[in-house]
Structure formats: C-alpha cells, structure tokens
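**Q** no sequence on this one, just coordinates:
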C-alpha cells in the first residue's frame, strides 16, 4: 500500500508533504486518544457527556459558518491571486464578521432554549463552548493560508500544537488543580488560542509579494471572490458534519448525558479508523483529477483504491475490536463497557465510509461534485430518521445501527455514481 501511494505521489516534495501530514495525523490522534482516556476516566460517563456536548457547540458553529472560506483560500492562494498579507487581512475581516454574527444568533438561543436543546447540560459549560467559537473559526480561516502556500511544515504545526496544549491543560485541570469539566473546557480554549498565536506569528513573518494594498475596495472584492467560490464546497461540508454528529446529538436528546459520554467513546475510537482513507484520499484525488481524458483508467484506479482501503480498514477494525475487548475496562473504566457493543455495530458503517471516501474523490475528479452532495442529503435523512426511530427504544446500540445503515447507503449509491462517470464526456484541454 505504501509503495502504491509513493508511486501515485510522484515528486519527492509531494511525498515528503504527504509523509509529514500522515505523521501529523498519527501524532494528533495519539493526543486525542489520551484526551479521551483522561477525560473519560476522571470525569466519568456523565462528565464526559457534558464535555462532549459543550465542545459540540464551537465545532458545530465553526462548521456551519465556515462558508467554504478554507478551501477557497487554498484555491486562490495557490493560484497566486492574493498574497499572504492580503489573505490574512481578508480572512481576519471575514472571521470577525462571521464570528460576531454567530455569537449574536447563538447566545439568545442558548439563553432561551438551551435547556430544551441540551437537556441536563449545565448552562455555564455551554457558554464556555460558545466563547471558544471565535477562536476555532479564526484558526480555521487563517491556517489554510499556509496550506495554500504549500508550507505543510508550518500548516501541520498549527494543527498539531492545539491538541497537545489542550492535553497538557487537561492534565493540570483534572489532576493538579481539580477543576472538573470547566477546567477541561478552559484547556480546550487555551489550546485554540495558542494555535491562533502561532498562525499569526508564522504569517506575519512573510513579506507581501503583490503590490495591491489592503483597502476596503480590495477587501470587498476579496470577500466576494472567496465566498463566491467557497459556498460550492460549503453545502457538502455542512451535510457531512451534520451526518457525523447527528447520532451524538440525538443520543443526548433522547437519553442522558451519561449515555452520551459512553457513546462518544465508541464514536471517537471508530472514527480513528478513517485515518487511512483520509491519507489515501490526499494522494488519490490529484491523480484521479489528472485522468480527466481517460475515464476508464480513472475508474480502474478508483476500484483498486477502494479495494485496498476497504480491506485494510476492515482488517484494522477487527484488530481494534479485539484489542478493545481486553482494554476498554483498563483504559476507560468499567462504566464504559457498554461502549464496546456500540463500537462493534459502528464498524460496518466505518468500513463502508472508508470506501465511500475513495468513490467521492472519483466523482469530484469527474467534475460532478454536486453528486456527492445529493448522496449526502440521502445519508443525513436516513441517519436522522434512523436515530429518531431507534435511539428511544434501543439506546446507543440503535444510534450505531442508524449510523452504519446511513454509511452503507452512501457507499452503495456512490458505487453506481462512480460507474456513471465512465459515460461522461471527457473534459477537453483548453488552449
């Protein structure tokens, strides 16, 4: 698999960037696993549920209000249309406007309906989560400038530092100064703040490369171009995020924070099995896009990637399931044993989701990204309806069933979509 990925990567700098990014994924996953274990063991299922729901607020707002600025920034920076300082000024202005709008909308909702939307969750934790939202959004808007510049060493640093600062803060908050869930939330906020400071430092060192000034006219044109491009990717991202977090939200809504805390463990471990498909997608997408004149070869490579990624993900799933059978109690505590059956029922969906990600790349490379959005609408609908029907009766097992069914639907639909790309008219070169 590694040899095949190296062949696909091509140039040495690209291989090096992929290697750095994969290394960052593994290191970040290690920090996140330690965070999950420490918070779960020290706070218990109920406290873990409180933390999960409080963290859900900034991540949900940042995803809903991202507006596609990240991918649009990468696109325009890599083309050389804007330099570092113009992008930094424009994205900072956009982030402040969007964050202010998000806070203005979210705060009254929490004040009036917070207890109904997040039953059983202390309001103080929800407000802490809301405080971290502007930092999360601003970090997402700015570090993509480094990605667009292909400075992956700096980009990976800004992504890797926050979870480790968060981890250190959680250790202090839970073991040295026992501040409980609130302390863990403050540690999360500090992690985001440190990452943001690093981004500012790295970007500020770069000299302007274009002669244009950052006046209001330019900023208006910048925002128009960024948002005009970004919304196309944003709708699919929203649907993907909703699908990934629907089950957690509905488990807390229908059950208890304690049940949510247990189910979150199953979800967090299961989603780590997607690292391979994410890494493979990074390598395969540009190669598949380059095959626009040869759809048969594109389909053949997609099928190979699908089989390899699905097989390795399935094998890894079996290994992790066996390991969890022995380690879940020593790592997390006896109260989390119920997470194991939910994890096992999530695995069919995780394997299907890994393969579906490869299919999604082929569809996007065939210049039909809207097909992925159409499939996502069906996936979200099935997931929501399934959770509503199954969670009240079957608890977290029902949530796992609904999630796996929705992911299996996704891969089946994309199986047919991918084959339909073979009949599309190949894109002609423009001269």
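**A** Received the coordinates, thanks. Model, not experiment: these values are computed from the prediction.

**Q** Got the domain ranges for the chain?
**A** Following automatic domain parsing, one finds the domains of the chain at 12-18+27-212, 232-424.

**Q** Could you say which one of the ones you listed comes nearest to residue 224?
**A** domain 12-18+27-212 (10.3 Å; CB to CB). Every residue, glycine included, has its C-beta placed from N, CA and C.

**Q** centre of the chain versus that closest one, how much separation?
**A** Using CA atoms, centre = their mean, to the nearest Å, the mean C-alpha position of domain 12-18+27-212 is found 11 Å from that of the whole chain.

**Q** model confidence over it, on average?
**A** Taken as a whole, domain 12-18+27-212 has a mean pLDDT of 84.

**Q** contacting residues around residue 53?
**A** 118, 121, 125-126, 252, 257, 260 (CB atoms under 8 Å, 6 or more residues apart in numbering).

**Q** still on that earlier bit, is it possible to export the domains of the chain to TSV including distance to residue 226?
**A** Formatted as TSV, the entries for the domains of the chain read as follows, by distance: least, CB to CB, whole Å:
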stretch	distance to residue 226
domain 12-18+27-212	5
domain 232-424	11
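
**Q** Tell me the spacing between residue 268 and residue 57.
**A** Separation of residue 268 from residue 57 (CB to CB, to the nearest Å): 17 Å.

**Q** Please say which of the two ends up with more neighbours.
**A** Neighbour tally, residue 268 and residue 57, criterion other CB atoms under 10 Å: the higher count belongs to residue 57, 24 against 18.

**Q** element containing that one?
**A** Here residue 57 is covered by helix 12-64, with elements defined by DSSP states H and E.

**Q** from the chain's centre, how far out does that helix sit?
**A** Relative to where its chain is centred, helix 12-64 has its mean C-alpha point 10 Å off (CA atoms, centre = their mean).

**Q** Kindly report the same for stretch 373-386.
**A** Stretch 373-386 has its average C-alpha position 18 Å from the chain's average C-alpha position, going by CA atoms, centre = their mean.

**Q** residues of that stretch that come out buried?
**A** By 16 or more other CB atoms under 10 Å, the buried positions in stretch 373-386 come out as 373, 375-376, 379-380, 382-384, 386.

**Q** And the residue most central in space within the chain, what's its pLDDT?
**A** Averaging the C-alpha coordinates of the chain gives a centre point, and the residue nearest to it by CA atoms, centre = their mean is residue 241 (7.3 Å). Here, the pLDDT recorded for residue 241 equals 72.

**Q** Go ahead and confirm it touches residue 64.
**A** Yes: here residue 241 lies in contact with residue 64, judged by CB atoms under 8 Å, at a distance of 7.5 Å.

**Q** just to revisit the earlier point, what's the nearest residue to the residue nearest to the centre of the chain if we skip its chain neighbours?
**A** Closest residue to residue 241 apart from its sequence neighbours, by CB to CB, 6 or more residues apart in numbering: residue 63 at 4.2 Å.
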